[in-house]
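A.B. asks: coords below, sequence missing:
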Ligand code: AMP
Ligand code: MG
């Protein structure tokens, strides 16, 4: 059920069941992080492979020491700069953190989400919440309580309704190698903003290592069911599909004369933050129209534009 009843959410989590929670990034599917049986329900419901670890959500920086065994000075700087907020830190874990949370890794991912309802929920619990996004594995992340309900219906006992997600794409994930920050996943905090706080940041290169550091980096992820193409040249892409039912996913409102079945504009004024906030809801809408193809337009590749392009790339084939 969709509700704003925090008391019910607390009760449900304490008895080892799942609760969908609003955050500023996307909706999460949360369980008591100290209860392995509850944690396994997340993987089962999402059909998520066990190699894909979960993010811990806490309500204050004071709790970080109970989760991370080592906190590099750059990590503390980042936490102080961005928490509560859409930045996840990957740190060496305390021995008590469950292997079901970390997929057996020695590191743990953690953040303080910036949403009043979820912060209040966390402050009423004496355990952290483990939560990935509340969508079936590989599909588009949910940015409203209704999206979560559309995916899972009554299979989630409590979906806490905190309105539409204000950031709209997942958190940025940063780990540390020899205390140097490494970007594992682009997200709602831009790379440039992180560099402003800590200077040098290594960007994890998928080709250089065979271990996927952060499975949010899987080549196909966040994907609509409709075949989606990503392009810099929308006109040329339109010409490739003359007889198809096409949906356009545009950054700004260009191509207004083209004859298509549906059109979503992420930000008429070309504002990256607005585009990020609208991205998944627009993808969900297009995906429900039984289109033949979705043609998505690449954004300028700076700041949050880069993070949005990252998600579009994983949702599409490039042409
Ligand atoms: P989701 O919230 O669905 O995006 O899932 C959580 C993300 O956090 C996944 O993409 C994981 O790869 C990432 N994550 C969680 N724990 C770790 C870790 N120890 N190291 C690297 N990435 C992690
Ligand atoms: Mg996810």
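C.D. replies: Received, thanks. Every value quoted in this text rests on a predicted model; they were computed, and no experiment measured them. Numbering: from 1, shown residues only. Ligands and ions are numbered 1, 2, ... in the order given.
A.B. asks: ranges for the strands of the stretch 101-250 of the chain?
C.D. replies: Under the criterion DSSP state E, counting those that start in this stretch, strands of the stretch 101-250 of the chain are mapped to 107-111, 129-131, 158-160, 172-177, 180-185, 202-203, 227-231, 246-250.
A.B. asks: Looking at the ones you listed, which is nearest to residue 143?
C.D. replies: strand 158-160 (13.0 Å; CB to CB). C-beta coordinates here come from the backbone N, C-alpha and C atoms, glycine included.
A.B. asks: And the contacts of that closest one?
C.D. replies: 1-6, 8-9, 12, 17, 19-22, 27, 117-118, 121, 145, 148-149 (CB atoms under 8 Å, 6 or more residues apart in numbering).
A.B. asks: Which helix runs longest in this structure?
C.D. replies: Identified as the longest helix of the chain according to DSSP state H is helix 272-287.
A.B. asks: So is it next to ligand 1?
C.D. replies: No: counting by CB under 6 Å from any ligand atom, ligand 1 has no neighbours in helix 272-287; the shortest distance is 12.3 Å.
A.B. asks: For that helix, list every residue counted as buried.
C.D. replies: 272, 275-284, 286-287 (16 or more other CB atoms under 10 Å).
A.B. asks: Now these in a markdown table, please, with extra columns for pLDDT.
C.D. replies: Shown next, in a markdown table, are these (pLDDT from 0 to 100):
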| residue | pLDDT |
| --- | --- |
| 272 | 98 |
| 275 | 98 |
| 276 | 98 |
| 277 | 98 |
| 278 | 98 |
| 279 | 98 |
| 280 | 97 |
| 281 | 98 |
| 282 | 98 |
| 283 | 97 |
| 284 | 97 |
| 286 | 98 |
| 287 | 97 |
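A.B. asks: Nearest to ligand 1 among those residues?
C.D. replies: Distance to ligand 1 across those (CB to the nearest ligand atom) is lowest for residue 280, with 12.3 Å.
A.B. asks: can you pull the contacts of residue 8?
C.D. replies: residue 158.
A.B. asks: Pop out the phi and psi values for it.
C.D. replies: Torsion angles at residue 8 (phi, psi; degrees, to the nearest 10) stand at phi -60, psi -40.
A.B. asks: what about stretch 284-301, distance to the chain center?
C.D. replies: Relative to its chain's centre, stretch 284-301 lies at 18 Å (CA atoms, centre = their mean, to the nearest Å).
A.B. asks: For that stretch, measure first residue to last.
C.D. replies: Start to finish, the residues bounding stretch 284-301 are 23 Å apart (CA to CA, to the nearest Å).
A.B. asks: Give the buried residues for it.
C.D. replies: For stretch 284-301, by 16+ other CB under 10 Å, it's 284, 286-287, 291, 293-299.
A.B. asks: Distance check, residue 186 against residue 196.
C.D. replies: According to CB to CB, to the nearest Å, residue 186 stands 16 Å off from residue 196.
A.B. asks: between the two, who's got more neighbours?
C.D. replies: residue 186 (23 against 10; other CB atoms under 10 Å).
A.B. asks: so who does the more buried one touch?
C.D. replies: Contact analysis of residue 186 by CB under 8 Å, 6+ apart lists 172, 306-307, 310.
A.B. asks: The buried residues of stretch 284-301 in helices, which ones?
C.D. replies: 284, 286-287.
A.B. asks: how far out from the middle of the chain is stretch 109-121?
C.D. replies: On CA atoms, centre = their mean, the centre of stretch 109-121 falls 14 Å from the chain's centre.
A.B. asks: Much appreciated, bye for now.
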